[in-house]
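> only geometry, no sequence info:
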């Protein structure tokens, strides 16, 4: 049995972010890749990108955070697809603040290369951490 494309991509992405070694990642990304990370606009590397612009996004992520740990809470693998819920422990490099976040991702591969990825970030928790305090919410009527 061969290794699933997600595992190769995950390892290469981790090295690209933490060690700034993108050479292993580039061959695993299709030149027409569709890349979307849904999250708060206060983070400029989030949003939609296509093609080689994805490598710039990965460089920006590497300049802003360090990944300490990631845990897959659940995962589903298809022949050329993968979806998972994950929890990440990061450090913001500019402030040395710890960041914990949850996300869901949905990836599609073709011939071992990433052709599409959609990521949904738990934005409320992430914004509270970035602000450094809870966001006051109105009380709901009972």
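Ah, there it is. Keep in mind the model is a prediction, meaning the values are calculated, not measured.

> Kindly state the beta-bridge partners for the residue nearest the centre of the chain.
With distances taken as Cα atoms, centre = their mean, residue 119 lies nearest the centre of the chain, 6.5 Å away. In this entry, residue 119 is beta-bridged to residue 37, residue 105, by DSSP bridges.

> That one: what's it in contact with?
Neighbouring residues of residue 119 by Cβ atoms under 8 Å, 6 or more residues apart in numbering: 36-39, 103-106. From N, CA and C alone the C-beta is placed, and that goes for glycine too.

> Helix or strand with the lowest mean pLDDT in the protein?
helix 123-131 (a mean of 76; mean pLDDT, DSSP states H and E).

> what residues does that one touch?
Residues from elsewhere that reach helix 123-131 (Cβ under 8 Å, 6+ apart): 38-40, 42-43, 92, 97, 99-102, 134-135.

> Buried ones among the contacts of residue 119?
Buried subset of these (neighbour count, 16 or more other Cβ atoms under 10 Å): 36-37, 39, 103-105.

> I'd like those residues as CSV, with pLDDT appended.
Converted to CSV, these look like this (pLDDT from 0 to 100):
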residue, pLDDT
36, 96
37, 93
39, 82
103, 93
104, 96
105, 96
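
> which one of those residues sits closest to residue 139?
Comparing the buried ones among the contacts of residue 119 against residue 139 with Cβ to Cβ picks out residue 39 as the nearest, at 27.0 Å.

> Would you mind confirming that the closest one is in contact with residue 45?
No. Using Cβ atoms under 8 Å, residue 39 is not in contact with residue 45; the gap is 9.2 Å.

> residues touching residue 14, list them.
67, 70.

> Residue 16: neighbouring residues, count only.
21 (other Cβ atoms under 10 Å).

> average pLDDT for the helix or strand hosting residue 73?
Element membership of residue 73, judged by DSSP states H and E, is strand 65-77. Mean pLDDT, computed over strand 65-77, is 92.

> ok, and what's touching it?
Identification of contacts with strand 65-77 by Cβ under 8 Å, 6+ apart yields 4, 6, 14, 17-18, 82-93, 99, 102.
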